[in-house]
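> With the input below, show me the fold.
(chains A and B)
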Amino acid sequence: MPRKALWLIILFTLLFILGINTGDLEYLLNLGNTICLSCIGVG
Amino acid sequence: MMISLRWLIQTLVAFGTNAYLLFPFGSVIYQGPLKAVCHPGLNCYSCPAALLSCPVGAVQNFAASLRFAGAGGMPHLGAMVIGYLGFIGTLVGRLPCGWICPFGFIQDLLHKVPTRKFFLWPPLRFVKYAVLVVLVLLLPVLLVDSVGLGQPWFCKLLCPAGTLEGALPLIFLKPALWATLGFYFWNKITILVLIIILAIFISRPFCRMLCPLGAFYSLFTRMTLVQLEFIEGNCVNCESCVRYCPTGVTPYKDPNSRECIMCLRCLDACQFRALTFGIRRPLPEAEKHAAGPF
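Predicted coordinates for the structure are as follows:
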């Protein structure tokens, strides 16, 4: 595996863990549980 | 062989990730814990049957709330979704586009309609990077209302997956929504119809021209864990790989093209085993200097 890819995998894993620990999971869950009015084209 | 396997996986993923069938009886969309997970492909989370969230919608909503949340304390940066998508991109590049994206699958099905087929004008492939930067990253942060909240502009202006999988089923399930529809809805319907017509004549037009998720994954195609490899000695220049490629790539010239969705149709097309697919091997020292960035 290229070294650049290895560093990127480490970076993205850390980002993922950071997101989990700063409440992104709850935010995403709330987001997914509401109907996206923009997707429908309301407004 | 590879084509049949891909069709099977595309079908299973499309139906498996849109498997909530109780929407006519309870809440209009699925509201369970799986919505905390993003689909690796483009799949509208407002689709009544969708089990997973949309990654592009999630990134835009994180971006749209940055200034609002920043004013009141710790903002949600969306690091989890960026990390998740970047991880997938680094491992397999655009493979999710070719194998598991439900909207890519819909375009593949439309392209089966037996008519004369056309090529896509190559410079149009750069539009998707502008869509990623402007509609997904910049506008949701920059165009905010009086309280600091932005809008998911890609969903609002462009996303045909949202129109097909979200808007159309929802307005029939909730007729009250009809009264609220205006310019944005009819704009999106027009785009959807254009994409559907284009997909009949041109292979994967949305993926190649407009998809911000494909644009993001394509940033990693030169360094992914898996790769397509060209064995020059086996090639007889029959160009059969070029004819079969759904995204207009020339595999024998650029097997790691940013347009390659790793559908592996070229592998099936090549009778001489000039193309292989597997784990990327480090470049020999002499070739390292000749290789470009990424």
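
> show me what contacts the closest residue to B:L228 other than its chain neighbours?
Counting by C-beta to C-beta, 6 or more residues apart in numbering or on different chains, B:L228 lies nearest to B:P255, which is 4.2 Å off, once chain neighbours are set aside. (Glycine included, C-beta is placed from N, CA and C.) Residues near B:P255 by C-beta atoms under 8 Å, 6 or more residues apart in numbering or on different chains: B:Q227, B:L228, B:E229, B:F230, B:L275.

> between these, which has the most around it?
Using other C-beta atoms under 10 Å in any protein chain shown as the neighbour criterion, B:L228 leads these with 24 neighbours.

> Tell me which other helices or strands the helix or strand it falls within touches.
Using DSSP states H and E, B:L228 sits within strand B:226-230. Based on contacts counted as 3 or more C-beta pairs under 8 Å, 6 or more residues apart in numbering or on different chains; DSSP states H and E, the elements that strand B:226-230 packs against are strand B:275-279.

> if we go to 10 Å?
helix B:79-92, helix B:265-269, strand B:275-279 (3 or more C-beta pairs under 10 Å, 6 or more residues apart in numbering or on different chains; DSSP states H and E).

> Report the mean confidence score over whichever helix or strand comes after it.
Per DSSP H and E, the first helix or strand lying C-terminal to strand B:226-230 is helix B:240-244. Helix B:240-244 shows a mean pLDDT of 95.

> now stretch B:250-264
Per-residue scores along stretch B:250-264 average to 94.

> re the thing from before, and B:N234, which of the helices and strands packed on strand B:226-230 is closest to it?
strand B:275-279 (8.5 Å; C-beta to C-beta).

> buried ones in the closest one?
For strand B:275-279, the neighbour count (16 or more other C-beta atoms under 10 Å in any protein chain shown) marks B:L275 as buried.

> what angle do that strand and strand B:226-230 make?
Strand B:275-279 runs at 150 degrees relative to strand B:226-230, counting by axes from the mean of the first three to the mean of the last three C-alpha atoms, to 10 degrees.

> Strand B:275-279 vs chain A: in contact?
Yes - under the criterion of C-beta under 10 Å from any C-beta of the partner chain, chain A is reached by strand B:275-279 at B:I279.

> cool, and stretch B:8-16?
No - Stretch B:8-16 lies apart from chain A when judged by C-beta under 10 Å from any C-beta; the minimum separation is 17.0 Å.
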